[in-house]
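> got a predicted structure here, sequence first:
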Amino acid sequence: MNNFNHVYFKNLDKIDKLGKIRNKFDLPKNIKYFDGNSLGPLPKNTIKIVNSMIKKEWGQGLIRSWNNKDWINMPYKIGNKIAPLIGARLGEVVVTDSVSINLFKVLTSSLKLNKKRKIILSEIDNFPSDLYILESVIKMFGKNYKMKLIKKIETNLEKKINTDTAVVMLSHVNFKTGYINDIKKITDMAHKKGALVIWDLSHSVGVIPINLKKWGVDFAVGCTYKHLNGGPGSPGFLYVNKSHIKKAYQPLTGWMGHNKPFNFHIKYKPANNIGKYLCGTPSIVAYKTIEGGLKIFENLSINEIRKKSIQLSDILIKLMEQECSKYDFKVFSPIDFRKRGSQVSFTHPNGFPIMQALISRGFIGDFRHPNILRFGISPLYMKFEDIWNLVKHLKEIMKKKEWEYAKFKKKKVVT
């Protein structure tokens, strides 16, 4: 390779302040993992925590562990550990259910709080599941409610938002491009027009500094299985600004959201804190996996994490330009790091088989329809040398036309 060389990347790894954190993960040998923005790898301490929970807390403690090991309060305890990562106050975050279910809850809360308004604004390229939930809520509320989808939300929101707008519902980081929406700017814009705002933080929590308290955000949701490394399908979290908690309505009135769940009253009375957003019995095994992932963030600076993320992604873009420009790859993520989250996406007409060829060589990224190769940038365990090796192998694939092999064109359910 020309301007960059192997020694340059090795030297960056030697001075990497986060380099030792990689040892906290149980990473497979001979695998370079570029898909932490879909599913984070297994932290070593998670194995110990879950084994102890299964053998001791559940195996020996049985039902007594709801009290003796404080299982019952895990949604709050884990929520309070996530709170510093998103700039929330203690008691404003709870871990429960999934992102989609939590979005249903806070979207319903928002519309009830702003019930004289009927319009919900979102982006046309928002994460589809978020839009599906929005469709469902609109059907439930009735024909007077409408969804409006906007292109380029930051530049067009001011023209589209008005006194009929109840809620602006957006993702902080776009799942395909990695584009970062300006939370403060958009939240301020919405509040000036009397609208509430909901943010999906799934692709930004753990890799980008967030300050919901300072920015005055109303509601937020997010997942724990991407950059927080909580395990496949681990529960989501939701944030409610303390100014809304007591008066907000939560539609899924299950027993865990009751003010006194173990009194088993016939009539529902919601908790007067963030606990009202709980519903059914929490999955304690899943909470323990999140606990293992969050332990890694103790004593780490989110600013240092972000700094390394920017370095890694900048180098990937430059190295791709240097080595693979003649192979029809186009950068699909913002070039400006201030607008780019912790991922880099490229488009290519043969994106799917190219990604499968990469995976066969031990470089795991992912593909997004119709032609996007997406590479998650995970500063806690990614080496600078991983970028060098990724591009080296991608160049070899293109030279040898490996992507033309029939085996790489067969699609499975999960892409």
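Now that the structure is in, tell me what you want to look at.
> C-alpha from now on. contacts and neighbour counts both.
Noted.
> longest helix of the chain?
The single longest helix within the chain, with elements called by DSSP state H, is helix 302-324.
> and it, what does it pack against?
If you count contacts as 3 or more C-alpha pairs under 8 Å, 6 or more residues apart in numbering; DSSP states H and E, helix 302-324 packs onto strand 343-347, helix 384-400.
> partners of the helix or strand following it, with directions?
Going down the chain from helix 302-324, the next helix or strand is strand 330-331, by DSSP states H and E. For strand 330-331, the pairing partners within the sheet under DSSP bridges are strand 343-347 (antiparallel).
> gap between the partner strand and the chain center?
Taking C-alpha atoms, centre = their mean, to the nearest Å, one finds strand 343-347 lying 17 Å from the centre of the chain it belongs to.
> low-confidence ranges in the chain?
Along the chain, segments meeting pLDDT under 70 span 1-2.
> dump the helices and strands packed on helix 302-324 to TSV, plus mean neighbour count.
As requested, those are exported to TSV (neighbours: other C-alpha atoms under 10 Å):
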stretch	mean neighbour count
strand 343-347	24
helix 384-400	18
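> residue 410: how many residues sit nearby?
Other residues near residue 410 number 10, with proximity taken as other C-alpha atoms under 10 Å.
> so it: helix, strand or coil?
Here residue 410 is coil, with the state taken from DSSP: H, G, I helix; E, B strand; the rest coil.
> for it, give me phi and psi.
phi -80, psi 120 (degrees, to the nearest 10).
> kindly report the same for the one 4 residues further on.
Main-chain dihedrals, residue 414, degrees, to the nearest 10: phi -100, psi 120.
> residues touching the closest residue to residue 329 other than its chain neighbours, list them.
Leaving out its chain neighbours, the residue that sits closest to residue 329 by C-alpha to C-alpha, 6 or more residues apart in numbering is residue 348, at 5.2 Å. Residue 348 makes contact with 328-330, 371-373, according to C-alpha atoms under 8 Å, 6 or more residues apart in numbering.
> tell me, how many residues neighbour residue 403?
Residue 403: 21 neighbours (other C-alpha under 10 Å).
> isn't it up against residue 360?
No: contact criterion C-alpha atoms under 8 Å: residue 403 and residue 360 do not qualify, at 10.7 Å.
> what's the closest of the contacts of residue 348 to residue 251?
When those are compared for distance to residue 251 (C-alpha to C-alpha), residue 372 comes out closest, at 37.1 Å.
> just list whatever residues bridge to the closest one.
Taking DSSP bridges as the rule, residue 372 bridges to residue 347, residue 368.
> what sits against it?
When contacts are counted by C-alpha under 8 Å, 6+ apart, residue 372 touches 176, 332, 345-348, 351-352.
> one more time with 6 Å
If you count contacts by C-alpha atoms under 6 Å, 6 or more residues apart in numbering, residue 372 has them with 346-347, 351.
> that one and residue 182, how far apart?
From residue 372 across to residue 182, the span is 24 Å (C-alpha to C-alpha, to the nearest Å).
> cool, residue 138 as well?
26 Å.
> give me the buried positions along stretch 104-123.
Buried residues in stretch 104-123, counted by 16 or more other C-alpha atoms under 10 Å: 104-114, 117-123.
> which outside residues touch that stretch?
Contacts for stretch 104-123 (C-alpha under 6 Å, 6+ apart): 145-151, 164-170, 248-250.
> give me that answer again for 8 Å
In this structure, residues lying in contact with stretch 104-123 by C-alpha under 8 Å, 6+ apart are 133-134, 137, 144-153, 161, 163-170, 195-196, 198, 219-220, 240, 248-252, 277.
> and stretch 274-288, by the same measure?
With contacts defined as C-alpha under 8 Å, 6+ apart, stretch 274-288 is touched by 46, 49-50, 53-54, 71, 74-76, 78, 91-94, 96-97, 105, 230-231, 234-235, 240, 245, 250, 252-259, 270.
> figure out the length between the terminal residues of it.
Using C-alpha to C-alpha, the end-to-end distance of stretch 274-288 comes to 20 Å.
> same check on stretch 4-19?
So stretch 4-19: terminal residues 20 Å apart, C-alpha to C-alpha.
> strands of the protein, start to end?
32-33, 93-95, 119-123, 146-150, 165-171, 196-200, 219-222, 237-240, 330-331, 343-347, 363-364, 366-368, 372-376 (DSSP state E).
> can you redo the ones you listed as TSV with distance to residue 294?
Below are the strands of the chain laid out as TSV (distance: least, C-alpha to C-alpha, whole Å):
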stretch	distance to residue 294
strand 32-33	19
strand 93-95	13
strand 119-123	30
strand 146-150	35
strand 165-171	22
strand 196-200	19
strand 219-222	14
strand 237-240	13
strand 330-331	32
strand 343-347	21
strand 363-364	23
strand 366-368	24
strand 372-376	19
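> deepest-packed of those strands, please.
strand 93-95 (a mean of 30; mean count of other C-alpha atoms under 10 Å).
> who does that strand touch, helix- and strand-wise?
The helices and strands touching strand 93-95, judged by 3+ C-alpha pairs under 8 Å, 6+ apart, are helix 74-86, strand 237-240.
> picking that back up, looking at residue 138 and residue 182, which is more packed in?
Set residue 138 next to residue 182 and count neighbours by other C-alpha under 10 Å: residue 138 wins out with 20 against 14.
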